Each structure stands twice: as structure tokens, then as C-alpha cells.
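>>> My questions are about this predicted structure, shown below with the sequence.
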Amino acid sequence: MANAGAKMFMGLLEAKGLHGRMEEGEDETLVRCGWKLDNTDLSLVFSFDDDGSYLSIYGYDFIKVNPEKFDQIIWTVNECNSTYRFVKFILDKERGEIMLKVDAVVQLDSIAEEAFELMVRSGQIVDDAYPEFMKAMWA
């Protein structure tokens, strides 16, 4: 049975006219959704732990990186990680892309709103950082 936090977040997404897909795991419930940004698209996975006190967000599909550019792009990843405090960027060499990660301690009574706020902030940060990643890849 899906946990309460994931259910509340799904309800909030639906109330805002957005779509998500819930998947149950052993120790967590996942909500997957897409987010259309100004510069790119962002796929997000929200991981809700069973007791509703911890949330992880993973973002992907917004920047593919050619393996020949890994050495160049890592500097931009590091710079962005020192600039933005809510999101951490990761160069995933196996997938050939930049990913993002957010970890948050949350409260069950406000988890849906907190998850949505982190989704919006993540999108804004990806949109802001996107040109920097493009400069590094095309330099």
C-alpha cells in the first residue's frame, strides 16, 4: 500500500493539472513525473520513505553528455554545486548525462507542498544552470 506522503503529493499534482505515476517499492514509494522547463525537459523521481520524514528527488533527461566532454563538464558540475544550494548535480558516466539530486527532511503534514516547492526550485535551478552546461559542452 502506497504511503500517505506519496498519496498527498499525487493529489496535489492532480489538483494543479499535472500528472504523475506512483510505484511502490519495499522501503519507499516513488512518484515519477515530467516537468517542461524553458530550456529543456526534466524527468523527476520523488522517493518517499515509509514514515513520511524523508524525501529524495532525482532528476534526469535534461542534459546528455558525450563521453569526450566528461573532463570538461565536470568543472561546470562543480561550479554549479557551489552556486546552488537546494540541488546537487552529478555527472553520471554510465548514463552519459547530468543528473540532479535533492534530499530533504520533511514533515508528513506538509510533505506534498514541500515536495512541490522542491520540484519548482529544481526546475528553476536546472533552467538557470542549463546555459552554463551548454557553454562547457560546446566550448
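Okay, I see it.
>>> and Val45, how many neighbours?
15 (other C-beta atoms under 10 Å). For glycine as for every other residue, the C-beta is placed from the backbone atoms N, C-alpha and C.
>>> Which helix or strand contains it?
strand 41-49 (DSSP states H and E).
>>> same question for that strand, mean pLDDT?
Averaging pLDDT along strand 41-49 yields 95.
>>> show me what contacts the closest residue to Glu114 other than its chain neighbours?
In space, and not counting its chain neighbours, Glu114 is closest to Val106: 4.8 Å by C-beta to C-beta, 6 or more residues apart in numbering. Taking C-beta atoms under 8 Å, 6 or more residues apart in numbering as the criterion, Val106 is in contact with 5, 52-55, 114-115.
>>> Drop the exposed ones from these and show what's left.
Among the contacts of Val106, those classed as buried by 16 or more other C-beta atoms under 10 Å are 5, 52, 54-55, 114-115.
>>> Kindly present those residues as JSON lines, with separate columns for pLDDT, secondary structure and distance to Thr76.
Formatted as JSON lines, the buried ones among the contacts of Val106 follow (pLDDT from 0 to 100; DSSP: H, G, I helix; E, B strand; the rest coil; distance: C-beta to C-beta, whole Å):
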{"residue": "Gly5", "pLDDT": "93", "secondary structure": "helix", "distance to Thr76": "33"}
{"residue": "Gly52", "pLDDT": "79", "secondary structure": "coil", "distance to Thr76": "35"}
{"residue": "Tyr54", "pLDDT": "91", "secondary structure": "strand", "distance to Thr76": "29"}
{"residue": "Leu55", "pLDDT": "95", "secondary structure": "strand", "distance to Thr76": "27"}
{"residue": "Glu114", "pLDDT": "96", "secondary structure": "helix", "distance to Thr76": "28"}
{"residue": "Ala115", "pLDDT": "97", "secondary structure": "helix", "distance to Thr76": "27"}
